[in-house]
Structures are given as structure tokens and as C-alpha cells.
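Enquirer: Fold the stuff below for me.
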Amino acid sequence: MRRRLGFIFAVFAMALAMPPAGVHAADKTKKDEATPNCHGVDMLAETAARDPQTYNRIMAEAAATKNAGAIFWKVEKQGRPASYLFGTVHLTDERVTTLSPAVKTALNEAKTVALEVSDLSESATSSVIASSAPLVMFTDGQRLDQLLSNTEYDAVKNVVVRAGMPVDLAALFKPWIVTMILSVSDCERIKVQQGARVLDMKIAEFGKSRGLEVVGLETIPAQLESLAAVPQQQQLDMLRTSLKYADRTNDMMETLVQLYVSRKITAAMPFQIAMAREAGVSDQAFAGFQEKLLVERNVKMTAVAEPLLDKGGLFIAVGALHLPGDKGLVALLRESGYTVSPIE
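Expert: Presented below is the predicted three-dimensional model:
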């Protein structure tokens, strides 16, 4: 099976290391075509104009989140060289992939680079998916067309076909993977087909070009297990929300980019919840995502990172949603005795 992994809504890109859905990262079949411009409309700015009350609630919740306002942090402990923690978003947009001078300096000084997963290659991802069918597809007799309305399932079939897969697979996919396919625009897929690299891949390539050790804080199977562990009803609710905005994937990605470059990443989750409310989906739909994809993984990644941090000179690059909050990596590292200070 070709790689079909992307990000649940656009914001899920900040919690997963996997490249966009439905593409071969190294596929250059469209290299002679002009690189598309994937810029869309900032939907949060739209919300501010259309519904100031909802916008103010989103931004107030974002501002109240612990360790908000920065994506790049210095990690220190007495007697060790400084390390760094960098929040990424797994997109190809040049506004994201263009690193600041401070980040470049930290990378140049690093001895080791730690990503969510160390190998984002097509072969690594494909082999894992091939051996993890029960996490991706129904194997117990259930079918997606039995869990959705006819209208919803017709929309799912259109999504699957547009992503280049046989329509017959639509009924077999678990809800979370369809949402992931939906979350990346056709435009972004084309860019990756042309050879564009998401931010994490560019960081990995930079580290390898300097001869640095590039390690993973987790594995692709572990990420798949986390996604599949979200309760099925919540998966269905997230899929229904995604279908509601299926024609606005460029806009959703533009919103994510704007939140990232303006250092307002903590508004991403309350904004997604507000979108779900408009689609008639309960806030509870995101409870499993936050617990399985963020909280539990943060604890595991911290445990793996600590021995590397004790050596010093570590550059950690993980999805930006892993950094803030009471149970984010910044807070967890401080609890482990590190001084963690915002840089930008």
C-alpha cells in the first residue's frame, strides 16, 4: 500500500511526524510542472470578523495555556552543554521550513538531532503500514459504510478516489485514516510529489549532512497504535467534522501556518473544537486525541529524551503541540530538573 498518512485536520500535523497523506515523498513524476501555491484563507481571521465572541474565547483559552507563545526553547542543566527544543509543523510551506538564525545556530552546535521518528522514508513507512493492517483497516467484520450515513460515506468515497486509491478500500478503512487523508490538501500532495520536504525531514537531512546522529524519540508503529487507540466513536465524530470542511483544506493549512509563524500555536486546539461545534460535534470528540496523541506520547518522549539530554548538545524537533500545556514537554522537562527558557 502506498503511504496514506497525513494529519487529522490540519492541526494534527503538529502532533505527528508523518509526511502528508496519499503521496510518495520521493516521487518526482510531476517535477516538470510549476510548483503550486497552496496558500488559502486564514479561517481564524474569518472567525474574528464573523463571530468575535467565539474568536475571543479561542484566544483567551490559548493565552491561558501554560508555556504558550514560543516554539523554540533552550534546555539546560548544570554541568552539561545546552540543548534545544523546537516545535515543528509537518508541512512544506516555506514560511514554516525557513529556519530562523537562532534555530540554525543551535542546529550547527548540536551533537545529536532527535525527531519524533528517525526514518521518515517511503520504504520505512510503507513497510510498517503493511505489517499493521489491523490498526489501519477493519478486520473484525465492521465496515465504514455501516457506521456513516449514505451522504457521509459518499463523501468518503470521493476522498479516497481523489487520493488515488481504489474506491473499494473506502469501506475497509478505519475512520482515523480517512480523516488523515482529508487533512492534507491536493496542492500539498503535489508539492511533496515534486520533492518538497516537510520541516522535520529538512531538519533530519541537515543533521545527516553534518554527520550528526539522528535518532527517534518513538517509532512509526507506536504512532499508529496511538491513533488507533482513540475510541471509535470519537474517530467517527472527528471524521464527520473533517468532512464538513473537506473543501477548505488549503484554508485549514493556511490557518495552521499563520498560527505557527505568529507563535499562537496554543489556539490550534480550541479553534478545532470550535469548528467541530459548528459541525454539530461534541467537544468530547477530541478527548481521546488529546490523551492518546499528546499526553501519553509526551510522557514517553520525555523518558527517551532524558538520557540524551544528560549528554548535552541535543536538538529536539517534534510537533509543536507537544510543547505547551501542563503536560507538555516544556513542563515535563522542568519537572525533571531542567531549566527550560523560551528563545522565540
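Enquirer: OK, contacts around the residue nearest to Thr249 when sequence neighbours are not counted?
Expert: Leaving aside its sequence neighbours, Thr249 sits nearest to Ser185 (C-beta to C-beta, 6 or more residues apart in numbering; 3.7 Å). In this view, the C-beta of every residue, glycine as well, is placed from N, C-alpha and C. Residues near Ser185 by C-beta atoms under 8 Å, 6 or more residues apart in numbering: 38, 40, 249-250, 253.
Enquirer: Which two among those are spaced furthest apart?
Expert: Among the contacts of Ser185, the pair separated by the greatest distance (C-beta to C-beta) is Cys38 and Thr249, at 9.1 Å.
Enquirer: Quickly list what's touching both of the two.
Expert: Joint contacts of Cys38 and Thr249 (C-beta under 8 Å, 6+ apart) are 185, 188.
Enquirer: and Arg248, which of the three is it?
Expert: The three-state assignment at Arg248 reads helix, by DSSP: H, G, I helix; E, B strand; the rest coil.
Enquirer: need the contact list for it.
Expert: Here Arg248 is in contact with 40-41, 43 (C-beta under 8 Å, 6+ apart).
Enquirer: And Thr255, by the same measure?
Expert: Counting by C-beta under 8 Å, 6+ apart, Thr255 makes contact with 10, 40, 42-44, 271.
Enquirer: if you set the cut-off to 10 Å instead, what comes out?
Expert: 9-11, 40-47, 248, 267-268, 271-272, 275 (C-beta atoms under 10 Å, 6 or more residues apart in numbering).
Enquirer: In this protein, where is pLDDT below threshold?
Expert: Filtered on pLDDT under 70, the chain yields the residue ranges 1-34, 120-126.
Enquirer: could you pull out the strands for it?
Expert: 72-76, 83-88, 112-115, 213-216, 314-319, 339-342 (DSSP state E).
Enquirer: I figured Lys311 hits Ala82, correct?
Expert: No - if you go by C-beta atoms under 10 Å, Lys311 and Ala82 don't touch, sitting 11.8 Å apart.
Enquirer: Compare neighbour counts for the two and give me the winner.
Expert: Ala82 (16 against 12; other C-beta atoms under 10 Å).
Enquirer: Provide a list of residues in contact with that one.
Expert: Contacts of Ala82 (C-beta under 10 Å, 6+ apart): 74-76, 106, 109-110, 312-314, 339, 341.
Enquirer: Check these for burial and list the buried ones.
Expert: 74-76, 106, 110, 312-314 (16 or more other C-beta atoms under 10 Å).
Enquirer: rewinding a little: in a markdown table, list the strands of the chain along with distance to Asp283.
Expert: Below are the strands of the chain laid out as a markdown table (distance: least, C-beta to C-beta, whole Å):
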| stretch | distance to Asp283 |
| --- | --- |
| strand 72-76 | 29 |
| strand 83-88 | 24 |
| strand 112-115 | 31 |
| strand 213-216 | 32 |
| strand 314-319 | 21 |
| strand 339-342 | 29 |
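Enquirer: And those strands: which comes nearest Phe138?
Expert: Taking the strands of the chain one by one with C-beta to C-beta, strand 314-319 is closest: 27.5 Å.
Enquirer: Just want the angle from the closest one to strand 83-88.
Expert: 20 degrees (axes from the mean of the first three to the mean of the last three C-alpha atoms, to 10 degrees).
Enquirer: quick one: strand 314-319 to strand 72-76, angle?
Expert: Relative orientation of strand 314-319 versus strand 72-76 (the same axes, to 10 degrees): 140 degrees.
Enquirer: could you say what helices and strands strand 314-319 packs with?
Expert: strand 72-76, strand 83-88, helix 101-109, strand 112-115, helix 199-209, strand 213-216, helix 296-309, helix 329-335 (3 or more C-beta pairs under 10 Å, 6 or more residues apart in numbering; DSSP states H and E).
Enquirer: tell me the most buried of these?
Expert: Most buried of these, by mean neighbour count (mean count of other C-beta atoms under 10 Å): strand 83-88, with a mean of 26.
Enquirer: partners of it, with directions?
Expert: Strands adjacent to strand 83-88 in the sheet, as given by DSSP bridges, are strand 72-76 (antiparallel), strand 314-319 (parallel).
Enquirer: picking up where we left off before, make TSV from the contacts of Ser185 and add neighbour count and distance to Val281 to it.
Expert: TSV is the format used below for these (neighbours: other C-beta atoms under 10 Å; distance: C-beta to C-beta, whole Å):
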residue	neighbour count	distance to Val281
Cys38	22	26
Gly40	19	22
Thr249	23	18
Asn250	19	22
Met253	28	20
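Enquirer: out of the residues you listed, who's nearest Tyr55?
Expert: Gly40 (18.1 Å).
Enquirer: got a list of what the closest one touches?
Expert: 10, 185, 187, 248-255, 257-258.
Enquirer: what two of those are the furthest from one another?
Expert: Cys187 and Gln258 (16.5 Å).
Enquirer: Give me the distance from stretch 96-113 to the chain's centre.
Expert: Relative to its parent chain, stretch 96-113 has a centroid offset of 20 Å by C-alpha atoms, centre = their mean, to the nearest Å.
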